[in-house]
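Asker: sequence first, predicted model second:
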Amino acid sequence: MCGIVGYLGEGNVYDILIKGLHRLEYRGYDSAGVALVSPSGNINVFKAKGKVANLESFCQSKDLSARAGIAHTRWATHGEPSDVNAHPHFSEDGNIAIVHNGTIENYKLLKDVLEKHGCSFHSETDTEVLAQLIEYIRVTNKCSLLDAVREALKQVVGAYAIAVVAKDDPDTIIAARQSSPLAIGIGENGSYFLASDASPFVEYTNECVYLKDGEIAEIRRGVPLKITNLNNEESTVDVTTLQLSISQLEKGGYPHFMLKEIFEQPSTLRDCIRGRVVADGDRININGVNDNKEKFRNAKRIVIVACGTSWHAGLIGKYLLQDMCKVPVVVEYASEFRYSNPIINADDVVIAISQSGETADTLAAIQIAKEAGAFVFGISNVVGSSIPRETYAGCYIHVGPEIGVASTKAFTGQVMVLTLLALAIAQIRGTLSDEEIAKVGKCILKLPDYVEQVLKLSPQIERLSLIYTYARNFLYLGRGYSYPVALEGALKLKEISYIHAEGYPAAEMKHGPIALIDQEMPTVIIAPQDHLYEKIVSNVQQVKARGGSILAIVTEGDSVIANLADHVLEVPDVPECLSPIITSVPLQLLSYYIAINKGKDVDMPRNLAKSVTVE
Ligand code: G6P
C-alpha cells in the first residue's frame with residue numbers, strides 16, 4: 001500500500017528513483033511523484049496521476065539533476081487519486097518535502113491547529129499535514145530536520161513510513177517507521193537507498209537495514225547510518241544480507257508477472273518443500289514446530305487469522321488441521337477478529353498467514369493474540385517483514401517475490417506449508433500413524449510434478465476462456481477442501497477481470513444462488529474424486545437441471561461429470577488433502593486468460609494493492 005523510494009549518492013538520482021518506483025508499483029499505482037534535491041539547493045517536485053509511466057512522460061522535459069531524492073507511488077487513502085494529492089507533499093514555504101506510506105489518524109486535529117497558526121493546505125491528504133507540522137516545528141523551534149521530525153512524530157497517531165528531505169540540508173534524508181515497512185540499503189562510497197522493501201536497491205547493494213517500529217534513521221551522505229527512537233535513544237544498526245536476485249524481480253520472458261508466477265509453481269513448491277519432507281517422505285521437519293513441540297502438543301484450539309487470499313489458504317488449513325491433528329480450528333478475517341472482542345486463551349495457538357508479512361489488520365490481530373498470552377506462529381513469504389518479526393515462531397513459504405497483485409504462487413505455497421504444518425503437528429500429537437504420514441509425505445514429493453502436468457492444460461484453458469469471457473456473473477462451487485478453492489477461484493476472477501463471481505459451498509447453493517442460475521451464468525464446479533464426490537455429482541445435476549452451463553475441474557478419467565458438464569478440465573489424482581493445490585492452478589489460468597481477453601491489466605488491477613498496510 002503505497003511504495004516509497006529514496007536515494008542519496010553519486011548515481012543518477014532520478015533514474016534510480018523511477019526504476020525503484022516501478023519495482024514497488026505492486027503496492028499502489030494511482031499516482032506517482034518525485035522530489036529531487038538539486039545541486040543548487042532547490043527541491044523540484046514532479047507528480048502525475050496514474051502509473052509511474054505517466055510520471056516519466058511528465059518529467060521528460062524537466063530539469064532532473066539531483067544529488068538526492070525521494071519518490072512515491074500511491075494507493076489513495078485520504079483524497080482521490082489526482083496530481084495534487086500525489087506525493088511528495090511539501091511545506092508551504094517549499095523548504096521540505098515528504099513521502100509517506102500509512103495513515104495519520106489524528107490528521108484533522110493537527111490540521112485544525114496548524115490552520116490556526118496560519119498554515120493553508122492544498123491537498124486533501126493526511127501527509128501534507130505532516131509536512132506542514134514538521135516545518136512548523138523546525139521554524140518555531142529553530143531545530144534540525146531530525147529533531148523536527150522526531151517532535152512531529154510524537155504528536156502523530158497512526159501508521160507511517162516516511163522519508164523527508166530539506167532544501168537547506170541537501171545531503172540528508174530523514175526516515176522513520178511505525179507499522180509500515182521501510183528498508184535502508186547501504187551502498188558504496190557513502191551512498192544510501194531507502195524503500196518500502198529491498199527490491200528497488202537489490203542491484204546496487206545486498207546490505208540492508210530493516211527499520212523497526214518507532215525508529216528514526218538519519219541518512220547522511222558519507223556518514224555512518226544513525227538510528228534513534230522518539231526519545232532520542234540510539235539503537236544498534238542491524239545489517240541483513242539480502243538473498244534476493246534481480247531475475248526474481250523480472251518477467252523472465254512472460255508477458256505478465258502473474259503468468260510467470262503461475263508457471264513458477266512447480267519450482268516454488270519444490271523450494272517450499274525442500275528440507276521439510278525428509279527420510280524419503282516418511283517424516284516432516286518444520287523447525288518452528290520442532291522448537292515449540294509443547295505448545296503444539298498442548299494446544300486446545302488453533303485460531304487462524306489472515307486477509308484476502310491468505311484467508312482462503314487459512315480455510316484450507318482448517319480442514320487440514322482438523323483432519324490430521326484432531327484439534328478444533330477457527331479461521332478469522334484479521335480485520336473482523338481485531339474488533340470482535342476475541343476470546344483467546346493461553347493454550348490457543350494463533351497462526352497468522354500473510355504473503356507480504358505487512359498486512360496491517362493481521363499485524364493488529366497478532367498483537368491482540370500476544371497480549372492474551374497465546375503462542376503466535378507466522379506463515380509468511382517476505383523474509384525480514386514485520387509478521388515474522390512479531391511472531392514467536394514461524395515458517396516461510398519460500399516462493400520468491402510475488403509481484404502480480406493477484407496472488408497465485410503464494411497461495412499454493414501457503415497451502416503447502418499448512419499441509420506440512422498439519423502433518424508435523426500430527427506427528428507430535430500422535431494423531432496420524434507413521435504410515436499415514438509417509439503416504440502423504442511421499443505424495444508431497446511428487447506434487448510439483450503433478451502441478452507441471454496441470455500447467456499443460458494452459459492451451460486448453462486459453463481456448464475455453466474465449467467461451468466464458470463475456471459472462472457477467474460466475475458461480476464457483478466446491479465442497480470440503482474444494483470449498484475454499486471455489487472462493488479463491490472466484491476471487492481471482494473478480495480481482496483481474498472485474499467480472500462478478502461468487503464462491504459458495506456447493507450444498508448451500510440451493511439456499512440462494514440457485515435462483516441465479518440460467519444459461520447466462522456459468523458455474524465452475526471443483527469436483528475431484530474425494531469423499532464428497534457423490535454429493536457434488538448431485539450438485540452438478542441440480543445446476544444442469546436448471547439449464548446452467550458448467551465448467552468442472554475433475555480427476556482424470558472421470559466420466560460421470562464429463563457427461564454432465566459442458567466442459568471439463570482433468571487434473572491428476574492426488575490424496576484429498578493435496579487436492580486444493582492441484583485444483584486451484586487451472587482456476588488461476590482461467591482468470592488470467594479471461595482478463596487478458598478483456599484487455600485488462602492483470603498485474604495491476606484497478607483499485608487493488610498487493611500489500612495492505614492500512615486498516
Ligand atoms: C491484498 C492482496 C491479496 C492478499 C491480501 C492479504 O488484498 O491484493 O493478494 O491476499 O492483501 O495480503 P497478505 O500479504 O497478508 O497475504
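Answerer: Perfect, thanks for sending it.
Asker: contacts and neighbour counts: CA atoms only from here.
Answerer: OK.
Asker: domains of this protein?
Answerer: 3-248, 251-454, 456-607 (automatic domain parsing).
Asker: got those as TSV, with mean pLDDT columns?
Answerer: Shown next, in TSV, are the domains of the chain (pLDDT from 0 to 100):
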stretch	mean pLDDT
domain 3-248	94
domain 251-454	96
domain 456-607	95
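Asker: so which of these is nearest the ligand?
Answerer: With respect to the ligand, and counting by CA to the nearest ligand atom, the nearest of those is domain 251-454 at 3.4 Å.
Asker: any part of the closest one near the ligand?
Answerer: Yes - for domain 251-454, a contact with the ligand is found by CA under 6 Å from any ligand atom, at 307-310, 354-357, 359, 405-407.
Asker: what about that domain, start to end distance?
Answerer: Across domain 251-454, the terminal residues are separated by 21 Å (CA to CA, to the nearest Å).
Asker: tell me how far residue 370 lies from residue 556.
Answerer: For residue 370, the distance to residue 556 - CA to CA - is 46 Å.
Asker: ok, those two, which is more surrounded?
Answerer: Between residue 370 and residue 556, residue 370 has the larger neighbour count (other CA atoms under 10 Å), namely 18 against 14.
Asker: doesn't the more buried one belong to a helix?
Answerer: Yes - under DSSP: H, G, I helix; E, B strand; the rest coil, residue 370 sits within a helix.
Asker: run through the residues that contact it.
Answerer: residue 376 (CA atoms under 8 Å, 6 or more residues apart in numbering).
Asker: would stretch 482-501 count as contacting the ligand?
Answerer: No - judged by CA under 6 Å from any ligand atom, stretch 482-501 and the ligand are separated, with a smallest distance of 8.2 Å.
Asker: nearest residue to residue 372 in space, please, no chain neighbours.
Answerer: residue 344 (5.9 Å; CA to CA, 6 or more residues apart in numbering).
Asker: that neighbour touches residue 374, doesn't it?
Answerer: Yes - if you go by CA atoms under 8 Å, residue 344 and residue 374 touch, sitting 6.9 Å apart.
Asker: the two: which has the busier surroundings?
Answerer: residue 374 (22 against 19).
Asker: around the ligand, pick out the residues from the stretch 501-615 of the chain.
Answerer: 608-612.
Asker: hang on, the earlier thing: mutual contacts of residue 344 and residue 374, please.
Answerer: With CA under 8 Å, 6+ apart, residue 344 and residue 374 have no common neighbours.
Asker: rewinding a little: which of the residues of the stretch 501-615 of the chain next to the ligand fall in helices?
Answerer: Nothing among these maps onto helices, per DSSP state H.
Asker: could those go into JSON lines alongside pLDDT and neighbour count?
Answerer: As requested, those are arranged in JSON lines below (pLDDT from 0 to 100; neighbours: other CA atoms under 10 Å):
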{"residue": "608", "pLDDT": "84", "neighbour count": "19"}
{"residue": "609", "pLDDT": "79", "neighbour count": "21"}
{"residue": "610", "pLDDT": "78", "neighbour count": "23"}
{"residue": "611", "pLDDT": "76", "neighbour count": "20"}
{"residue": "612", "pLDDT": "79", "neighbour count": "22"}
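Asker: picking that back up, most neighbours among the residues of domain 251-454 next to the ligand, please name it.
Answerer: Using other CA under 10 Å as the neighbour criterion, residue 354 leads the residues of domain 251-454 next to the ligand with 32 neighbours.
Asker: isn't that one up against residue 385?
Answerer: No - contact criterion CA under 8 Å: residue 354 and residue 385 do not qualify, at 10.0 Å.
Asker: as a check, name the ranges of all strands in the stretch 201-350 of the chain.
Answerer: Remark: strands assigned in the stretch 201-350 of the chain by DSSP state E, counting those that start in this stretch are 207-210, 215-220, 226-229, 234-235, 240-241, 277-278, 283-284, 301-306, 329-333, 348-354.
Asker: the first one: how far from the chain's middle?
Answerer: Taking CA atoms, centre = their mean, to the nearest Å, the mean C-alpha location of strand 207-210 is offset from the chain mean by 20 Å.
Asker: that one pairs with which strands, parallel or anti?
Answerer: strand 183-186 (antiparallel), strand 240-241 (antiparallel) (DSSP bridges).
Asker: and among the ones you listed, the most buried is which?
Answerer: Mean neighbours per residue, mean count of other CA atoms under 10 Å, is largest over these for strand 183-186, with a mean of 25.
Asker: what's the offset of that one from the middle of its chain?
Answerer: 21 Å.
Asker: and what of stretch 220-233?
Answerer: That offset, for stretch 220-233, works out to 30 Å (CA atoms, centre = their mean).
Asker: just the CA coordinates for it, please, in CSV.
Answerer: The C-alpha coordinates for stretch 220-233 follow below in CSV (Å, rounded to 0.1, in the frame of the first residue of the first chain):
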residue,chain,number,x,y,z
ARG,A,220,23.7,11.4,5.7
ARG,A,221,26.0,11.1,2.7
GLY,A,222,29.3,9.6,3.6
VAL,A,223,28.4,9.3,7.3
PRO,A,224,27.6,6.0,9.1
LEU,A,225,23.8,5.4,9.4
LYS,A,226,22.4,6.5,12.8
ILE,A,227,19.2,5.2,14.2
THR,A,228,17.4,6.7,17.2
ASN,A,229,13.9,6.4,18.6
LEU,A,230,11.3,9.0,19.5
ASN,A,231,13.1,9.6,22.9
ASN,A,232,16.4,10.2,21.0
GLU,A,233,17.9,7.0,22.4
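Asker: give the buried residues for it.
Answerer: 220-221, 225, 227-230 (16 or more other CA atoms under 10 Å).
Asker: what do you get for stretch 129-146?
Answerer: Buried residues in stretch 129-146 (16+ other CA under 10 Å): 129-138, 145-146.
Asker: which one among those gets closest to residue 19?
Answerer: Using CA to CA, residue 131 comes nearest to residue 19 of the buried residues of stretch 129-146, at 25.1 Å.
Asker: please, which helix or strand holds the closest one?
Answerer: Using DSSP states H and E, residue 131 falls within helix 126-141.
Asker: now residue 82: closest residue in space that isn't a chain neighbour?
Answerer: Nearest residue to residue 82, sequence neighbours excluded (CA to CA, 6+ apart): residue 49, at 5.0 Å.
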